[in-house]
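[1] Quick one, what's the 3D model for this:
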Amino acid sequence: MQAEPSTSDLADKARFASSIARQAGALALERFRTPVTIETKEDASPVTEADRAAESLLRREITRQYPEHGILGEEYGTSGSPEGSLWVVDPIDGTRSFITGWPIWGTLVAYLENGRPLVGAIDLPALGEHFVGITGDGATFRDSRGEEHPCRVRDVTRLDRARFYTTSPRYFGSTDRSAIDRLVDSAAVARFGGDCYGYLLLAAGHLDLVVESQLEPYDYMALVPVIEAAGGIITDWAGAPLTLASDGRVVAAATPALHAEARALLGG
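    Numbers count the residues shown, from 1 in each chain. Here you go, the predicted structure:
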């Protein structure tokens, strides 16, 4: 059985993840609001030359520093073994935001051991913001002035007092859409948009609940350590921990009570 990673080892991984997320984010930012080549992938989602360039940078730096580790990314799939030590990256989470000039997009880097996300770093280059979380060791937020703050969720236990976000109602099938409609009707505030940013606002204490579906591991793995280290809870709709094999339905909440109430409305 593999030993649990030490705090110092995870801190080293977090510094590395933070550094390469900033590098890749800066590379993508150079192409933001400029003419870029856009293609449509098999799943009908867009991809740009900026996505591919940023992921290539991430892969190159990970391979240089940790040649024995596996990598899973949105644009280039899996290299190496997904077992043991694995990096999961999304060069531009929010490509539709990127291509429409909206600054709410981020570069996500996660470090996993045996399928468990332990480190997450998210850079939001167009906003000048940066989040880092280490499971069991806290989460921090660096604002656009370069000042660092601890992340802590709000103590909201009831849906009728909660601020709720989801990226878009269009990302739910007909059955799931009715569940989202129930959340929208029940929450104190319901807003749409944001991709990864909604989860980060939850960790920073500005909103309380995020629910989505049709996500892939590179969409959520980096968010798990940030939310959990900030005191929140993030699972699939059934309440199980998120894994590489999860079905893409995610619920993140500030408190266990709010998480349970949301899951009840979702039918989880």
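[2] what comes into contact with the helix or strand of the chain with the lowest mean pLDDT?
    Least confident helix or strand of the chain, by mean pLDDT, DSSP states H and E, is helix 174-186 with a mean of 90. Defining contact as C-beta atoms under 8 Å, 6 or more residues apart in numbering, one finds that helix 174-186 is touched by 159-160, 164, 166, 169, 172, 190, 209, 211, 213, 249, 262, 265-267. Placement of C-beta: from N, CA and C, glycine included.
[3] what's the closest of the residues you listed to residue 14?
    For these, the closest approach to residue 14 (C-beta to C-beta) belongs to residue 209, at 26.3 Å.
[4] correct me, but that closest one touches residue 165?
    Yes. At 7.3 Å, residue 209 and residue 165 qualify as touching, with contact defined as C-beta atoms under 8 Å.
[5] which one of these two has more residues nearby?
    residue 209 (27 against 24; other C-beta atoms under 10 Å).
[6] Sketch out the strands for the stretch 101-250 of the chain, chain order is fine.
    106-113, 116-124, 129-134, 139-142, 148-150, 163-166, 189-192, 209-212, 233-236, 250-253 (DSSP state E, counting those that start in this stretch).
[7] that older thread, identify each buried residue in the least confident helix or strand of the chain, please.
    For helix 174-186, a neighbour-count test (16 or more other C-beta atoms under 10 Å) marks 176, 179-180, 182-184, 186 as buried.
[8] can you give me how far stretch 130-145 is from the chain middle?
    Remark: stretch 130-145 is offset 13 Å from the chain centroid, using C-alpha atoms, centre = their mean, to the nearest Å.
[9] Between the two ends of it, what distance do you get?
    One end of stretch 130-145 to the other measures 11 Å (C-alpha to C-alpha, to the nearest Å).
[10] which residues touch it?
    Contacts of stretch 130-145 from elsewhere in the structure, counted by C-beta under 8 Å, 6+ apart, are 7, 10-11, 14, 17-18, 21-22, 116-124, 127-129, 148-151, 200, 203-204, 224-230.
[11] Can you go through those and name the buried ones?
    Buried by 16+ other C-beta under 10 Å: 10, 14, 17-18, 21-22, 116-124, 129, 151, 200, 203-204, 224-230, out of the contacts of stretch 130-145.
[12] and of the strands of the stretch 101-250 of the chain, who's closest to residue 90?
    Closest of the strands of the stretch 101-250 of the chain to residue 90 is strand 106-113, at 4.2 Å (criterion: C-beta to C-beta).
[13] Could you list the paired strands of the closest one along with their orientation?
    Paired strands of strand 106-113, with direction, are strand 85-93 (antiparallel), strand 116-124 (antiparallel) (DSSP bridges).
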